[in-house]
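[1] 3D, please:
(chains A, B and C)
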Amino acid sequence: MIVGERKPVESILAMLAPHGKVLLAGCGTCVTVCLAGGEKEVGVLAAALRLARQAEGKPLEVVEATIERQCEHEFVEELAAKLAGAEAILSLGCGAGVQTIAERYADLPVYPGLNTSFIGIPVKHGDWAERCAACGDCILDSTGGICPIARCSKSLLNGPCGGSAEGKCEVSEDTDCAWQLIFDRLKAQRRLELLAEVRPPKDWSRHRDGGPRRIVREDAAL
Amino acid sequence: MISGSRLERVLASGNFAVTSELGPPKSASAKGVTKHAAMLKDCSDGQNLTDNQTAIVRLSSIAAAVHVLAAGGDPIIQMTCRDRNRIALQSDLLGAASLGVKTVLCLTGDHQSFGNHGTAKNVFDLDSIQLIAAVKGLRDDKRFLCGEECKVEPKLFIGCAENPFADPFEFRVMRLEKKARAGADFVQTQAVFDVPRFAQWMEGVRSAGLHKRIHILGGVIPVKSAAALKYMATVPGMRIPAQLVKRMEGAADPEQEGVALCVEIIQQLRQIEGVAGVHIMAVYWETIVPEIVARAGLLPRP
Amino acid sequence: MSELTAFLCAGTAAAHRRLGEWARPLGMDVRMVEVPCGGKVEVVQILRALLVSEGVLVAGCPADACRHLTGNVRARARVAYVQGLLPQLRLEPQRVAWAELGPDGAIKLERALGDLAESLSGLGPNRGRVSAR
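    Next up is the predicted model:
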């Protein structure tokens, strides 16, 4: 899933400073699961914003609306019914959600309430970790199902650098060395020969470096 | 001879090689580089110019190499994958060769979070092994990475680094093998303090026959104090035996003890079959290198 | 006059029922919200209570004595979260308090409310409060 994190309330308050009434939009998909932008977080943020603005002497009216998915026009349409009088929309969706809303309600300022962080998983309650860099050319078949692009600090393709120590990355002792994990798994599977191969430079044109990406499928077009 | 570099010549002749290291300054002045190059040229067969080491902005390694050449030295430019993509790396290889540089050391590079520009975007378009292959492709096949022809190839002697003390230990020989296969001519290792562990790695290297495919230079660092040694013990991938710290702590003259220790390690490395030379990393203490090389019995240089 | 909201877990229900008599002499106006367990008190409820009162007390069982095992731990963590959030809203973190009570905690509850009222009296009115209850 996409994992996000709410921006500091101070910066959200700064964005909303010119407005007296806003629609606060949550998203029921990824950011609900990662506890950053679902109905519950919308409730908390709405109350927090009202408290802060009341204290400033500039009361803020906040209309709460959480839709199934902010990244699809079909669901974003539902917000129209709640927009009466709103001067702006604050979205707790990921970057894709914010932009879908901004596209649909192009006459209103739309603000991001989250920082979209990464594609990852919850490793335990309250702890999310990155797993995929959306590089556009998956190599997990040859790395024991552990992605060095997303999980090695240097995205190395030919094994660990000289900074791998006791299973940890030189960048942070809170980070596992992805190549130690890959080595251990392939060794356990008796597939270490995969690591002996010199992997050629990656085709980064399929990553963001090739420009904005798009997938068009005739078979899926209506 | 592929490159005609002094290091290549020394290694090819079977002599025990000595390389040294020189850190370019955090300024636009070449004074220190020129001064240290003059000091190091007669006691070492090549002088490494670090490439923004620990991700701190410094005078570029290629520019520093030109000053070393002017001072009569034999520069080894370090080249990391952190700051340049394959376009810039290949461009700089051509540029360096055109300026008279004959030796390059291919490195992945320290992560930018260690340096003074922690908010920088990193590159890592290639890794060190892919960079080695890129240099070899340019030199031997006269081909850029994209396959296009390079009419006048850069004749570079190709070096790499390896850390025998990093994890996973079992992979470290395999990684050197990959570097040799990619085209590295020589390797300079991480600083050796734990000689038995290094010897254990060398056993693996020899049983893979790697010492016959790649020249191995063991790294050494002269330390000035017990505190410096203790600090090094905190660096990921460094192994410092506790008795060495004790020895430095008990020394009446720590600087002299540091030199003696360095000379001893060089002599121990020389006894290990397959070790073709030493790489002395005395950054911020370049002035001590001539004394170390002399006391190790490695002067005059061939 | 302090107008407080207190969230009480079921374990302190007895205290809740007896408080009416004890609180009045202190000059406290307390709205009691009975919840099955402290763990049921959400951050949003604490914030919404602050929109309509001067301060909020969340009262639950002592450590290791929660009949739902970790409800008290959750409640305490949420109070701490709100206490961390309030300065970002330019409001005083002392407006929210946590109290550990037992099934016989009536006296402790009275004291906790008294302490909260006292610390609030030093702060002045809750500037974030939107309306009376």
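
[2] Break down chain A into its strands, ranges please.
    Assigned strands in chain A, in chain order: A:2-6, A:21-27, A:61-67, A:88-91, A:110-112, A:114-124, A:127-132 (criterion: DSSP state E).

[3] mind checking the SS state of the residue positioned nearest the centre of chain C?
    The centre of chain C sits closest to residue C:57, judged by Cα atoms, centre = their mean, with a distance of 1.0 Å. Here residue C:57 is recorded as strand under DSSP: H, G, I helix; E, B strand; the rest coil.

[4] List, one by one, the residues from chain A near chain C.
    Residues of chain A lying near chain C by Cβ under 8 Å from any Cβ of the partner chain: A:8-10, A:40, A:43-44, A:47-48, A:50-52, A:54-56, A:59. Where you see a C-beta, it was placed from the backbone N, CA and C, and this is true even at glycine.

[5] Give me the subset of the residues you listed lying in helices.
    A:9-10, A:40, A:43-44, A:47-48, A:50-52, A:54-56 (DSSP state H).

[6] buried sites along the helix or strand in which residue B:289 is found?
    Here residue B:289, judged by DSSP states H and E, is contained in helix B:289-295. Neighbour-count burial for helix B:289-295 flags B:289, B:290, B:291, B:292, B:293, B:295 (criterion: 16 or more other Cβ atoms under 10 Å in any protein chain shown).

[7] for these, which one is nearest chain C?
    residue B:289 (54.6 Å; Cβ to the nearest Cβ).

[8] what stretches of chain A score poorly on pLDDT?
    Within chain A, no stretch has pLDDT under 70.

[9] Spell out which parts of it neighbour chain B.
    Contact residues, chain A versus chain B (Cβ under 8 Å from any Cβ): A:153-168, A:170-171, A:177, A:179-180, A:183-184, A:187, A:192, A:195-196, A:198-202, A:204.

[10] So residue C:39 is in contact with residue C:76, correct?
    No. Using Cβ atoms under 8 Å, residue C:39 is not in contact with residue C:76; the gap is 9.8 Å.

[11] Quick check: neighbours shared by the two?
    residue C:60 (Cβ atoms under 8 Å, 6 or more residues apart in numbering or on different chains).

[12] so what's residue A:167 closest to, chain neighbours aside?
    Of all residues not flanking residue A:167 in the chain, residue A:180 sits nearest, at 4.8 Å (Cβ to Cβ, 6 or more residues apart in numbering or on different chains).

[13] what about that neighbour, how many residues close to it?
    Residues lying near residue A:180 (other Cβ atoms under 10 Å in any protein chain shown) number 22.

[14] distance of the residue nearest to the centre of chain C from chain A?
    17 Å (Cβ to the nearest Cβ, to the nearest Å).

[15] show me the contacts for the nearest residue to residue A:41 once chain neighbours are set aside.
    Nearest non-adjacent residue to residue A:41, counting by Cβ to Cβ, 6+ apart: residue A:92, 6.0 Å away. By Cβ under 8 Å, 6+ apart, residue A:92 lies in contact with A:6, A:24-27, A:31, A:36-38, A:41-42, A:45, A:113-114.

[16] how does it look with 10 Å?
    By Cβ atoms under 10 Å, 6 or more residues apart in numbering or on different chains, the residues touching residue A:92 are A:4, A:6-7, A:12, A:24-27, A:31-32, A:36-39, A:41-42, A:45, A:66, A:70, A:98, A:112-114.

[17] Could you pull up phi and psi at it?
    Dihedral angles of residue A:92 (phi, psi; degrees, to the nearest 10) stand at phi -100, psi 20.

[18] Please work out the residue of the stretch 201-302 of chain B nearest to chain C and name it.
    Counting by Cβ to the nearest Cβ, the stretch 201-302 of chain B gets nearest chain C through residue B:234, at 32.5 Å.

[19] Could you pull up the contacting residues of that residue?
    Residues near residue B:234 by Cβ under 10 Å, 6+ apart: residue B:240.

[20] And residue A:150, how far from residue A:140?
    To residue A:140, residue A:150 is 10 Å away according to Cβ to Cβ, to the nearest Å.

[21] any shared contact partners between the two?
    With contacts defined as Cβ under 10 Å, 6+ apart, the residues shared by residue A:150 and residue A:140 are residue A:132.

[22] Looking at those two, which one has more neighbours?
    residue A:150 (18 against 12).

[23] what's the pLDDT at residue B:153?
    For residue B:153, the pLDDT comes out at 97.

[24] got the contact list for it?
    Per Cβ under 10 Å, 6+ apart, neighbours of residue B:153: B:93, B:94, B:97, B:135, B:137, B:138, B:139, B:140, B:141, B:142, B:143.

[25] can you list those in CSV and add distance to chain A?
    Output for the contacts of residue B:153, formatted as CSV (distance: Cβ to the nearest Cβ, whole Å):
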residue, distance to chain A
B:93, 15
B:94, 18
B:97, 21
B:135, 13
B:137, 10
B:138, 14
B:139, 17
B:140, 15
B:141, 14
B:142, 18
B:143, 13
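
[26] How many residues are close by the residue nearest to residue B:133 when sequence neighbours are not counted?
    Nearest residue to residue B:133 in three dimensions, chain neighbours excluded: residue B:182, at 4.3 Å (Cβ to Cβ, 6+ apart). Look at residue B:182: counted by other Cβ under 10 Å, it has 22 neighbours.

[27] my read: residue C:76 touches residue C:82, true?
    No. Look at residue C:76 against residue C:82 with Cβ atoms under 10 Å: they stay out of range, at 11.0 Å.

[28] Identify the contacts common to these two.
    Here residue C:76 and residue C:82 have C:58, C:98 as joint contacts, going by Cβ under 10 Å, 6+ apart.

[29] In terms of neighbours, single out the busier of the two.
    More neighbours surround residue C:82 than the other of residue C:76 and residue C:82, with 26 against 18 (other Cβ under 10 Å).

[30] Could you grab the helix/strand/coil label for that one?
    The assignment at residue C:82 comes out as helix when based on three-state DSSP.

[31] so which of the ones in helices among the residues of chain A next to chain C comes closest to residue A:74?
    Nearest to residue A:74, judged by Cβ to Cβ, of those is residue A:40 at 23.4 Å.

[32] wait, what's in contact with the closest one?
    Counting by Cβ under 10 Å, 6+ apart, residue A:40 touches A:26, A:32, A:66, C:42, C:43, C:44.

[33] Listing request: residues of chain C with sub-threshold pLDDT.
    Residue ranges of chain C with pLDDT under 70: C:1-2, C:12-27, C:102-106, C:132-133.

[34] nearest spatial neighbour of whichever residue of it sits closest to chain B, skipping sequence neighbours?
    For chain C, the residue closest to chain B is residue C:88, as judged by Cβ to the nearest Cβ, at 23.5 Å. Leaving out its chain neighbours, the residue that sits closest to residue C:88 by Cβ to Cβ, 6+ apart is residue A:9, at 4.5 Å.
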